[in-house]
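> build me a structure from this.
(one chain, ligands or ions: 2)
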Amino acid sequence: MPAKVDSGTCTGCGACVDCCPSEAIEMQEDKAVIVADKCVDCGVCVDECPVEAISMEYRFSGAPSSRGLGHRVFNPATGVRVPLGLYV
Ligand code: SF4
Ligand code: SF4
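Ligands and ions are numbered 1, 2, ... in the order given. Next up is the predicted model:
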């Protein structure tokens with residue numbers, strides 16, 4: 001999920017615009033606005049904002065992690081199920 005600006009807290013200082021590596025923040029009527037399609041979720045702007053007006057929205061799907069049992073693949077050569085990424 002892209003970064004989100006609390007427009008009520010934003011002072012329009014522009015610091016986040018300058019720090020964003022993907023030019024995903026624009027100023028509109030003296031408030032920062034995230035261009036969601038450009039945001040790569042790096043979180044740099046969250047740390048840069050002096051008034052903590054930016055937050056990241058993380059969505060947890062409940063899906064098993066890549067280390068969990070849900071991401072194993074069957075190797076027909078050995079007949080062994082191995083964690084994804086270890087398939088050789
Ligand atoms: S999270 Fe990163 S890419 Fe997204 S708006 Fe902030 S600095 Fe830019
Ligand atoms: S750094 Fe924070 S206060 Fe400054 S323009 Fe960006 S969101 Fe607004």
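
> so which bits of the protein are right by ligand 1?
When proximity is defined as C-beta under 6 Å from any ligand atom, the chain approaches ligand 1 at 2-3, 20, 22, 24-25, 34, 39-45. For every residue, glycine as well, the C-beta is placed using N, CA and C.

> now, those that are in strands?
Of the positions in the residues of the chain next to ligand 1, 3, 25, 34 sit in strands, assigned by DSSP state E.

> what would the residues of the chain next to ligand 1 look like in a markdown table with pLDDT and neighbour count?
Shown next, in a markdown table, are the residues of the chain next to ligand 1 (pLDDT from 0 to 100; neighbours: other C-beta atoms under 10 Å):
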| residue | pLDDT | neighbour count |
| --- | --- | --- |
| 2 | 92 | 14 |
| 3 | 96 | 24 |
| 20 | 98 | 22 |
| 22 | 97 | 13 |
| 24 | 98 | 21 |
| 25 | 98 | 23 |
| 34 | 97 | 18 |
| 39 | 97 | 19 |
| 40 | 96 | 12 |
| 41 | 95 | 12 |
| 42 | 96 | 15 |
| 43 | 96 | 12 |
| 44 | 97 | 15 |
| 45 | 98 | 25 |
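
> coming back round to it: and which of the ones in strands among the residues of the chain next to ligand 1 is nearest to residue 16?
Residue 16 has its nearest neighbour among those in residue 25, at 5.1 Å by C-beta to C-beta.

> dig out what that closest one forms beta bridges with.
residue 34 (DSSP bridges).

> circling back: in CSV, list the ones in strands among the residues of the chain next to ligand 1 along with distance to residue 76.
Below are those laid out as CSV (distance: C-beta to C-beta, whole Å):
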residue, distance to residue 76
3, 44
25, 49
34, 46
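
> okay, now the spatially closest residue to residue 48 that is not a sequence neighbour: neighbour count?
Closest residue in space to residue 48, ignoring its immediate chain neighbours: residue 19 at 4.4 Å, by C-beta to C-beta, 6 or more residues apart in numbering. Counted by other C-beta atoms under 10 Å, the residues lying close to residue 19 total 14.

> was I right about residue 19 contacting residue 46?
No. Here residue 19 lies out of contact with residue 46, judged by C-beta atoms under 8 Å, at a distance of 10.1 Å.
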